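Undergrad: A predicted structure for the sequence below; I have some questions about it.
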There are 2 protein chains.
Amino acid sequence: MELLKRRILEEGRVLSDQVLSVNTFLNHGVDPSLIAAMGRTFAERFRDLNVTRVLTIESSGIAIAYATAIELGVPLVFARRRKALMNEGEYFSERVPSFTKGIVTDIVISRELLKPDDRILFIDDFIANGDAARGLIRIVERSGATLVGAGIAIEKAFQPGGSYLRELGLPVLSLARIASLADGQVRFAED
Amino acid sequence: MELLKRRILEEGRVLSDQVLSVNTFLNHGVDPSLIAAMGRTFAERFRDLNVTRVLTIESSGIAIAYATAIELGVPLVFARRRKALMNEGEYFSERVPSFTKGIVTDIVISRELLKPDDRILFIDDFIANGDAARGLIRIVERSGATLVGAGIAIEKAFQPGGSYLRELGLPVLSLARIASLADGQVRFAED
């Protein structure tokens, strides 16, 4: 998606060989018109898959997932990171490491929000190692629902998360695939 | 907002005299058409205030704030809860207690995302004690920006957060004001 790649080149900040900050337009500051365009692009790509629910994880994927869900006319669920007041038995839960937080967290989804006949489209802002995605996919499997596709805003193609999704045989659309952040430079992968 | 009140009565679960769960349509499962209607309602109410930026806090306010921002045609910022990899000097930071988390967290906003000439509309899914709102307002003050209004989906009118906002002289729109959750019953305040 040229619009996103241009914004990454103009405003993205390479903080290390591993970390790209897109704080000004994607995951802290948010440009709604860019997000809406991303939602339309995902909806167009996955419209034929009879998606019944869009799934993401708090927080940075929520706006993009919402923009996709409203285009598809289906509900959205965002997985939560476990908090004190949550009642054990009501939730599917998976423990996942978090690259950006540097800690382990439990991600949870209420059992009433994933049904065996659901066809799930996973949407997220970034995929790197794919740890959160793996946890979400385990939860989807346990619920009996079917994961039918994955839409990612920015894939760090030098980390294994995106390949993991493709190896599941899943249709995956990454709007910007980054081949390298070496030497403070963003280099995109060929599409 | 009748649409929201009806959903609260139909699907909300009163977990205690203090806690209402709206997991199925607002802050875990999300009904995009309801959120879009809320965004339009807030945009209509605050359109004359020359808002330059919508502000919320991760995670549950993000979808509503996005829906409002896209209607107003302005960018969105969501305050983050501090994480390991954040560079101190780049952020405004305030320590706030969290009612639902039962802990204290630091909320942060990048200095580059709040400017002295900004006119800020605060949007959130819930207001109860208003601790997070107070923290955000302190950050807005420190940045030199002007808070011009507040839009809240669900106000627990038996807790002081909403009154605090009104006592600042701020225009406040709460789409559903709950007078009481006693005896497992949702009772709305008169508008």
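TA: Looks like it came in fine.
Undergrad: What strand or helix carries the residue nearest the centre of chain A?
TA: Geometric centre of chain A, nearest residue: A:D124, 1.4 Å, by C-alpha atoms, centre = their mean. Here A:D124, judged by DSSP states H and E, is contained in strand A:119-127.
Undergrad: Direction included, what does that strand pair up with?
TA: Strand A:119-127 has the following strand partners under DSSP bridges: strand A:53-57 (parallel), strand A:146-156 (parallel).
Undergrad: Skipping its backbone neighbours, what lies nearest the residue nearest to the centre of chain A in space?
TA: Setting aside the residues directly before and after it, A:D124 is nearest to A:G61 in space (C-beta to C-beta, 6 or more residues apart in numbering or on different chains), at 4.3 Å. Every residue, glycine included, has its C-beta placed from N, CA and C.
Undergrad: Could you do A:S21 as well?
TA: Using C-beta to C-beta, 6+ apart, the nearest residue to A:S21 is A:R13, at 4.4 Å.
Undergrad: I figured the one you found hits A:F25, correct?
TA: No. Between A:R13 and A:F25 there is no contact under C-beta atoms under 8 Å: 11.6 Å.
Undergrad: out of these two, which sits in the busier spot?
TA: A:F25 (20 against 13; other C-beta atoms under 10 Å in any protein chain shown).
Undergrad: Just the pLDDT at the residue nearest to that one when sequence neighbours are not counted, thanks.
TA: Spatially, and ignoring its direct neighbours in sequence, A:F25 is nearest to A:D31 (4.3 Å; C-beta to C-beta, 6+ apart). A:D31 is assigned 98 on the pLDDT scale.
Undergrad: Name every strand pairing with the helix or strand encompassing A:R80 and say which way it goes.
TA: Per DSSP H and E, A:R80 falls inside strand A:76-81. Strand A:76-81 sits in its sheet next to strand A:53-57 (parallel), strand A:103-110 (antiparallel), strand B:29-30 (antiparallel), going by DSSP bridges.
Undergrad: Helix or strand with the lowest mean pLDDT in chain A?
TA: strand A:91-98 (a mean of 88; mean pLDDT, DSSP states H and E).
Undergrad: what packs against it?
TA: Other elements packing on strand A:91-98 under the criterion 3 or more C-beta pairs under 8 Å, 6 or more residues apart in numbering or on different chains; DSSP states H and E are strand A:103-110, helix A:131-143.
Undergrad: ok and the strand holding A:D124 relative to helix A:131-143, angle-wise?
TA: 170 degrees (axes from the mean of the first three to the mean of the last three C-alpha atoms, to 10 degrees).
Undergrad: re the thing from before, how about the helices and strands packed on strand A:91-98 in a markdown table, adding distance to B:G144?
TA: Output for these, formatted as a markdown table (distance: least, C-beta to C-beta, whole Å):
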| stretch | distance to B:G144 |
| --- | --- |
| strand A:103-110 | 34 |
| helix A:131-143 | 36 |
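Undergrad: got the residues of chain A near chain B?
TA: A:19, A:23-24, A:28-33, A:35-36, A:58-59, A:62-63, A:66-67, A:69-70, A:73-78, A:80, A:83-85, A:100-103, A:109-110, A:112-113 (C-beta under 8 Å from any C-beta of the partner chain).
Undergrad: From those residues, list the buried ones, please.
TA: A:23-24, A:28-32, A:35-36, A:58-59, A:62-63, A:66-67, A:69-70, A:74-78, A:80, A:100, A:109-110, A:113 (16 or more other C-beta atoms under 10 Å in any protein chain shown).
Undergrad: Can you name the residues that contact A:E190?
TA: Contacts for A:E190 were tallied using C-beta atoms under 8 Å, 6 or more residues apart in numbering or on different chains; there are none.
Undergrad: SS state for it?
TA: coil (DSSP: H, G, I helix; E, B strand; the rest coil).
Undergrad: can you tell me how far it sits from B:F78?
TA: As defined by C-beta to C-beta, to the nearest Å, A:E190 lies at a distance of 33 Å from B:F78.
Undergrad: Then A:R177?
TA: Applying C-beta to C-beta to A:R177 and B:F78 gives a distance of 26 Å.
Undergrad: And A:R134, by the same measure?
TA: In terms of C-beta to C-beta, A:R134 sits 25 Å off from B:F78.
Undergrad: what do you get for A:I109?
TA: Here the criterion is C-beta to C-beta. By it, A:I109 lies 21 Å from B:F78.
Undergrad: What helices and strands are in contact with the top helix by length along chain A?
TA: Assignment by DSSP state H gives helix A:32-46 as the longest helix of chain A. Here helix A:32-46 is seen to pack against helix A:2-11, helix A:62-72, strand A:119-127, strand A:146-156, strand A:172-180, helix B:62-72 when contacts are counted using 3+ C-beta pairs under 8 Å, 6+ apart.
Undergrad: roughly how far is that helix from the heart of the chain?
TA: 13 Å (C-alpha atoms, centre = their mean, to the nearest Å).
Undergrad: so that helix versus strand B:76-81, what angle?
TA: Using the same axes, to 10 degrees: helix A:32-46 against strand B:76-81 is 90 degrees.
Undergrad: buried set for helix A:32-46?
TA: The neighbour-count check on helix A:32-46 (16+ other C-beta under 10 Å) flags A:P32, A:L34, A:I35, A:A36, A:A37, A:M38, A:G39, A:T41, A:F42, A:A43, A:R45, A:F46 as buried.
Undergrad: Give me whichever of the helices and strands packed on strand A:91-98 is most buried.
TA: Mean neighbour count, computed with mean count of other C-beta atoms under 10 Å in any protein chain shown, is highest for helix A:131-143 among these, reaching a mean of 20.
Undergrad: Need the contact partners of that one.
TA: Counting by C-beta under 8 Å, 6+ apart, A:55, A:57, A:79, A:92-99, A:107, A:109, A:111, A:114-116, A:118, A:120, A:122, A:124, A:127, A:146-147, A:150, A:161, A:164-165, A:168 sit against helix A:131-143.
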